[in-house]
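*Asks:* Model the structure of this input:
(one chain, ligands or ions: 1)
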Amino acid sequence: KRIKLTHSPFTVLVEGNIGSGKTTFLNYFKQYNNICTLAEPIELWKNCGGYNLLSHLYEDRERWGFTFQSYVQLTMLQQHTFKTDCAIKLMERSIYSARYCFVEKMIRDSVLPAPSASVIDEWFKWATSSAMCDVDLIIYLRASPEVVYKRMRERNRQEEKTVQLEYLHEMHEMHENWLYYKTMFTCPAPVLVVNGDLDKSVIVEEYQKVTPSIFNKCLSVPS
Ligand SMILES: Cc1cc2cn([C@H]3C[C@H](O)[C@@H](CO)O3)c(=O)nc2[nH]1
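*Replies:* Numbering: from 1, shown residues only. All right, here's what the predicted structure looks like:
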């Protein structure tokens, strides 16, 4: 009887505020063929059955908050359960940052009514209670709100036109509470902090500080 080898890759999350450099980080690691990189499925959020949920979100957070985060949670679950033969899976954001940063913020701002928050939380608890969303390492791209605000403006994403510096400050605090001070919620894996304020021209050296930890599962050398 053949035994079914279920290969579960060493799973790494790249977490950080809007504009903290997650896509740049992900693209750097595309050069390794034993890494499967999964970018944030923002194109799905911009076209769910033809509807741009991201645009709706920023137009009216109270009205579309649940709709948006409900779909985000589905798309993140799809990425957590995405099968790959690669030794390493590198994901941009996760079901965890969805719940602990974005949904939590909406709950605190009363953007999400409590009954809606409960539904999202029940899905989250179910999804994370099994091995579907296991994570081995979190890379926290820690950047200052002023720096990410400037980058967000330069990137000039249509849907983010109305996003203010204040919101980025608040989202920074949510990430700090979860990943740096760890005062809120549990971290599903060890966290390595990367200085997200560094300019693109020098940030590769910063990436190389965490590369051994990302490959440690594959290299026999002691980490
Ligand atoms: C997991 C998760 C990602 C995510 C992104 N966003 C927003 C922030 C950015 O403007 C855009 C792309 O990350 O989507 C959100 O509101 N809620 C989210 N939840």
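*Asks:* the longest helix in this protein is where?
*Replies:* Counting by DSSP state H, the longest helix found in the chain is helix 61-80.
*Asks:* average pLDDT across the helix or strand following that helix?
*Replies:* Going down the chain from helix 61-80, the next helix or strand is strand 88-92, by DSSP states H and E. Averaging pLDDT along strand 88-92 gives 97.
*Asks:* Buried residues in the longest helix of the chain, which are they?
*Replies:* Of the residues in helix 61-80, 61, 64-66, 68-77, 79-80 count as buried by neighbour count, 16 or more other Cβ atoms under 10 Å. C-beta coordinates here come from the backbone N, C-alpha and C atoms, glycine included.
*Asks:* Name the residues of this protein found near the ligand, please.
*Replies:* Taking Cβ under 6 Å from any ligand atom as the criterion, the chain approaches the ligand at residues 18, 40, 42, 54, 57, 72, 76, 93, 97-98, 102, 160.
*Asks:* Out of the residues you listed, list just those in helices.
*Replies:* Those of these lying in helices (DSSP H): 42, 54, 57, 72, 76, 97.
*Asks:* just the buried residues of helix 61-80 now: which is nearest the ligand?
*Replies:* The closest of the buried residues of helix 61-80 to the ligand turns out to be V72 (Cβ to the nearest ligand atom; 4.5 Å).
*Asks:* what does the helix or strand bottoming out on mean pLDDT in the chain contact?
*Replies:* Every helix and strand in the chain was compared by mean pLDDT, DSSP states H and E; the lowest is helix 203-215, with a mean of 94. Identification of contacts with helix 203-215 by Cβ atoms under 8 Å, 6 or more residues apart in numbering yields 10, 12, 21, 24-25, 28-29, 35, 88, 90, 137, 139, 192, 194-195, 198, 219, 223.
*Asks:* do that again at 7 Å, thanks
*Replies:* Residues outside helix 203-215 that contact it (Cβ atoms under 7 Å, 6 or more residues apart in numbering): 12, 21, 25, 28, 88, 137, 139, 192, 194-195, 198, 223.
*Asks:* Just want the angle from that helix to strand 88-92.
*Replies:* 130 degrees (axes from the mean of the first three to the mean of the last three Cα atoms, to 10 degrees).
*Asks:* Would you mark the buried spots in helix 203-215?
*Replies:* Buried positions in helix 203-215, judged by neighbour count with 16+ other Cβ under 10 Å: 203, 206-207, 210, 214-215.
*Asks:* what's the farthest-apart pair in those residues?
*Replies:* I203 and F215 (18.4 Å; Cβ to Cβ).
*Asks:* rewinding a little: go through the buried residues of helix 203-215 and say which is closest to the ligand.
*Replies:* I203 (19.2 Å).
*Asks:* confidence score at K217?
*Replies:* Value listed for K217 in the pLDDT field: 66.
*Asks:* Can you pull up the most central residue in this protein?
*Replies:* R93 (1.1 Å; Cα atoms, centre = their mean).
*Asks:* for that one, what are its contacts?
*Replies:* 15, 40.
*Asks:* hang on, isn't E104 packed against M174?
*Replies:* Yes. E104 sits in contact with M174 when judged by Cβ atoms under 7 Å, with a separation of 6.2 Å.
*Asks:* In a helix, V193, correct?
*Replies:* No. Judged by DSSP: H, G, I helix; E, B strand; the rest coil, V193 forms no part of a helix; its state is strand.
*Asks:* Okay then, goodbye and thanks.
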